[in-house]
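I'd like to go over a predicted model; first the sequence, then the structure.
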2 protein chains.
Amino acid sequence: MSSSGSGGYRGSGLELLKRYGVSAGDAVSISTQEDETINGILMPRYESANENYIVVKLKSGYNTGIKVSRIKSIAKADVLAAAAAAGAAPAATHQKEDAGGSTGSSNSGGLPRVALISTGGTIASKIDYRTGGVRAALSASELYASVPELASIAAVDPEVLMSEYSENLTPTHWTQIAQKVAEKVRTGAYAGVVVSHGTDTMHYTSAALSFALQKLPIPVVLVGAQRSSDRPSSDAALNLIAATAFAANADAAGVFVAMHAGTSDDVVAVHAGTRVRKNHTSRRDAFQSIDAVPVALVRDGATIEMQEDAGVRMERRAKRELELRPYFDSRVALVKYHPGFDPTLVYWLVSKGYGAIVFEGTGLGHVNRDLFGVLREAAEKKVHMFMTSQCIWGRVRMTVYDTGRDLLDIGVVPLSDMISETAVVKAMWALANVPQAADIKKVMQENIAGEISEAIPI
Amino acid sequence: MSSSGSGGYRGSGLELLKRYGVSAGDAVSISTQEDETINGILMPRYESANENYIVVKLKSGYNTGIKVSRIKSIAKADVLAAAAAAGAAPAATHQKEDAGGSTGSSNSGGLPRVALISTGGTIASKIDYRTGGVRAALSASELYASVPELASIAAVDPEVLMSEYSENLTPTHWTQIAQKVAEKVRTGAYAGVVVSHGTDTMHYTSAALSFALQKLPIPVVLVGAQRSSDRPSSDAALNLIAATAFAANADAAGVFVAMHAGTSDDVVAVHAGTRVRKNHTSRRDAFQSIDAVPVALVRDGATIEMQEDAGVRMERRAKRELELRPYFDSRVALVKYHPGFDPTLVYWLVSKGYGAIVFEGTGLGHVNRDLFGVLREAAEKKVHMFMTSQCIWGRVRMTVYDTGRDLLDIGVVPLSDMISETAVVKAMWALANVPQAADIKKVMQENIAGEISEAIPI
């Protein structure tokens, strides 16, 4: 957007801000002609707004517009003092430190530190008033400024890594995100990492990070928004607050996704990164744990309720060392079977040099017997083949019907209750990380990050 | 199975049945050596059973084993009298007639007539004790015999059309099923038609029949089972009873799917044929209406509760004439987008002569911009392209983000809330039935059978 950097201000408002060297997101102390002092966070504005006003978020949480002509001077205030003024008062005073100079994930008596990595998506979007659409534009620091409540939860270090709608992300981006998260984790400075992300493929990325970032000592929480953060009904603020609270305080380590748990605006569900799926195009509670309860619920952006039923315990393990395995081999296809499916598609995949095919079969893990011939040839050419179910919920079981037993005989490997989106990501990861082809089948059936809930008897 | 026709009996039990000319499914009146009379339905047995007993289903609903040596004689009883003895008493006496001789869908004072077409699947399966698996084996008449309650609901005329697991069904089978249903409907003899079907692709077939059988005057109800009908926990009996009750009595016309509504064994949900999906690999309530409530609930196999919220009213229209359009063009691919998806797959589909591609995009209907080039080329080659969402629930909206608007510009047609399984079936049907290519886009966006719930603004 043309207004990027200026926070959307123009005309007399923009001139005023330039004169005092402040911009959207700064903590400010404003003196008025009437010698009043107004403390708060300078908020971004948009092109349709009246240029004779600037907007400040007050301690009460309300935004107030201040007429430019009423302002005598603006002083840049201490970020955290202003944040404390604008949000709820933190439990203890806190001085922000450079990551490099820190030796722990919190200061003595201070707030935990959280790294916020922005990748793009709706949570980082605002309405483009020229086209009526939504564009990826808001930077992480602008976002931080928009949600001052964060400063009462953690000392957040924002960084913009990329600015992409998530439908445009590829396995190469997963590698970049994993490397950036690893960089943050390895400083030892952070209690947790939050990754803001578009929702379209957030569950693919969460699966990718789950395999790329092994033995994580702290939580890495992906968060998105179904409605852009400048909309009154946006879910962006609560999701980000809850993700940050979880990253800062939860007794958990691993990769998670935090999104609205329901349509009310008070509870956020935290899902295991390998067991979550986007199940609605637009609802705020689109993300659901599949065949599992969420790992935790975060109420009112603060209270973390770990769910015992979630199974795997993922306690913080401060002393263990992160293993980074960030590479993915894209020669993996996810193929959804349907009646009328053309078996020769499998030939094409083989001829293109694909290393693995993940099928979304029907029911317990079936495809038409007309495919058996091509599958047998693919198996002979050492293409790995895996079976998941397009039912989404439930478990592939290929020993019940003769169709399934025939597929097992051919060499198609059942993946139990692994969801297909996680399966294609894991296969890409396995192909890049497991040197012996013979071990790939074994690794795919082992539980690495909660993606599969039982050993598979064949 | 080797025992097919003998109802699983062997040894002295089989000899006894042969002597009196009765077989599994017959209504029988048994006289014992003690001059007791036992009335009921002779049940099928399986290979592992004790051969010195035969099994009869009593009026109470319980099965009883009768020792062969205790039996003095067996008389074949009137089918319906025995059914009344074994099941609930029918409201009125009823004489079964030949389909050819009938001029209406019920007799004066009698029960409605329902055609039962068997295509295979678990509902028509039993355990193969030699392999431990489940095989499609039970004929429709055996099934009818196993569920004598049916005879108190309707006069059921069973016919075995095919015996296939539904994962093996193709668009050619849909044509055969549609033609067979049309044949039954056109006799004018039936109050409704029930189609027993494997569950793996039952929702694809129900969508296919919804487009192939237009202006249906009566209900056509697909029904399946998640557990085979000889298992104690089978859902086959209740599903079949409810499907038959709905076909016989509901004030509805069109194509439906009847399956367990929950895990308790008393309520069956009836779904619109174009809005239903199998959402669990094994649960009895795997089938769910997507973005809609079920059309009706059937309680205890008898009470039909039409759901007002289901929207479309589908009253019986006895006087309108069925339009049969049973053909499908298989040159349609359903393609699920995922990160790492290879754009050249689209080239391959174009080169193979595909007429249409239905994408399962992410979120509101997106794919990576890396695909725009190949999609533009496909559009130039007059390949129809449609967009659905892999979120399953919710509505494709391609005007919200610039990715979506770019896809609209290329010519990708959004299908609103049509589920992808229905969309691929409808596209196969449209290609075979809509002569002008220019009209195919229009037909795909029109509501024909409840598959799309709004006009789509572009």
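Yes, it's here. Residues are numbered from 1 along each chain as shown, chains lettered A, B, ... in the order given.

what residues does stretch A:317-333 touch?
Residues outside stretch A:317-333 that contact it (CB atoms under 8 Å, 6 or more residues apart in numbering or on different chains): A:105, A:170-172, A:174-175, A:178-179, A:182, A:185-186, A:208, A:211-218, A:253, A:349, A:352-358, A:424-425, A:427-429, A:431-433, B:340, B:342, B:345. Any C-beta I mention is one placed from the backbone N, CA and C, and that applies to glycine too.

drop anything exposed from the residues you listed.
Among the contacts of stretch A:317-333, those scoring as buried are A:105, A:170-171, A:174-175, A:178, A:182, A:185, A:208, A:211-214, A:216-218, A:253, A:349, A:354-358, A:424-425, A:427-429, A:431-433, B:340, B:342, B:345 (criterion: 16 or more other CB atoms under 10 Å in any protein chain shown).

quick one: which of those residues sit in strands?
A:213-214, A:356-358 (DSSP state E).

how about the nearest residue to whichever residue of the stretch 301-450 of chain A sits closest to chain B, chain neighbours excluded?
Closest contact between the stretch 301-450 of chain A and chain B, by CB to the nearest CB, is at A:Gly394 (3.0 Å). Using CB to CB, 6 or more residues apart in numbering or on different chains and skipping the chain neighbours, the partner closest in space to A:Gly394 is B:Thr281 (3.0 Å).

surely that neighbour meets A:Val396?
Yes. B:Thr281 lies in contact with A:Val396 (CB atoms under 8 Å); the separation is 6.7 Å.

what touches both of the two?
Counting by CB under 8 Å, 6+ apart, the shared contacts of B:Thr281 and A:Val396 are A:364-365, A:389.

burial measure for A:Val413, as a count.
Residues contacting A:Val413 under the criterion other CB atoms under 10 Å in any protein chain shown number 21.

cool, and A:Lys67?
Neighbours of A:Lys67 (other CB under 10 Å): 14.

measure it to A:Gly11 for me?
A:Lys67 sits 13 Å away from A:Gly11, taking CB to CB, to the nearest Å as the criterion.

joint contacts of the two?
A:Asn52.

how about the residue nearest to A:Gly394, what does it touch?
The contact partners of B:Thr281, by CB under 8 Å, 6+ apart, come to A:363-365, A:389, A:391, A:393-397.

repeat that for A:Ser210.
With CB under 8 Å, 6+ apart as the criterion, the residues that contact A:Ser210 are A:254-255, A:272-274, A:448-451.

repeat that with 7 Å
The contact partners of A:Ser210, by CB atoms under 7 Å, 6 or more residues apart in numbering or on different chains, come to A:254-255, A:273-274, A:449.

which of these sit farthest apart?
For the contacts of A:Ser210, the farthest-apart pair by CB to CB is A:Gly254 and A:Thr274; their separation is 9.2 Å.

between those two, who's got more neighbours?
Legend: neighbour count by other CB under 10 Å for A:Gly254 and A:Thr274, higher for A:Thr274 (30 against 26).

tell me where the model's unsure across the stretch 351-458 of chain A.
For the stretch 351-458 of chain A, the stretches with pLDDT under 70 are A:454-458.

how about 90 then?
Applying pLDDT under 90 to the stretch 351-458 of chain A picks out residues A:399-403, A:438, A:453-458.

local confidence estimate at the residue nearest to A:Gly11 when sequence neighbours are not counted?
Computed as CB to CB, 6+ apart, the closest residue to A:Gly11 that is not its neighbour in sequence is A:Glu51, at 3.4 Å. A:Glu51 carries a pLDDT value of 73.

likewise for A:Arg331?
97.

mind checking how far it is from A:Trp429?
In terms of CB to CB, A:Arg331 sits 12 Å off from A:Trp429.

and for A:Thr32?
Distance, A:Thr32 to A:Trp429, using CB to CB: 58 Å.

phi and psi next, for A:Asp334.
In this structure residue A:334 is Leu, not Asp. Main-chain dihedrals, A:Leu334, degrees, to the nearest 10: phi -100, psi 120.

quick one, what contacts the nearest residue to it once chain neighbours are set aside?
In space, and not counting its chain neighbours, A:Leu334 is closest to A:Val424: 4.1 Å by CB to CB, 6+ apart. Taking CB under 7 Å, 6+ apart, we find A:Val424 in contact with A:332, A:334, A:358, B:338.

so the last one sits against A:Leu334, correct?
Spelled out, it's B:His338. Yes. The pair B:His338 / A:Leu334 is scored as a contact, 4.7 Å apart, by CB atoms under 7 Å.

of those two, who's got more company?
Looking at B:His338 and A:Leu334 with other CB under 10 Å, you find the greater number of neighbours at A:Leu334, namely 26 against 23.

what's near enough to touch that one?
Contacts of A:Leu334 by CB under 7 Å, 6+ apart are A:358, A:360, A:420, A:424, B:336, B:338.

try A:Met387
Contacts of A:Met387 (CB under 7 Å, 6+ apart): A:359, A:361, A:365, A:396, A:398, A:407, A:412-415.

SS state for it?
Secondary structure, DSSP: H, G, I helix; E, B strand; the rest coil: A:Met387 is strand.

tell me the contacts of the nearest residue to A:His384 once chain neighbours are set aside?
The shortest distance from A:His384 to any non-neighbouring residue, by CB to CB, 6+ apart, is to A:Ala356 (4.0 Å). Counting by CB under 7 Å, 6+ apart, A:Ala356 makes contact with A:332, A:383-384, A:386, A:427, A:431.

take the contacts of stretch A:317-333 and keep only those in helices.
A:171-172, A:174-175, A:178-179, A:182, A:185-186, A:208, A:211-212, A:349, A:424-425, A:427-429, A:431-433, B:345 (DSSP state H).
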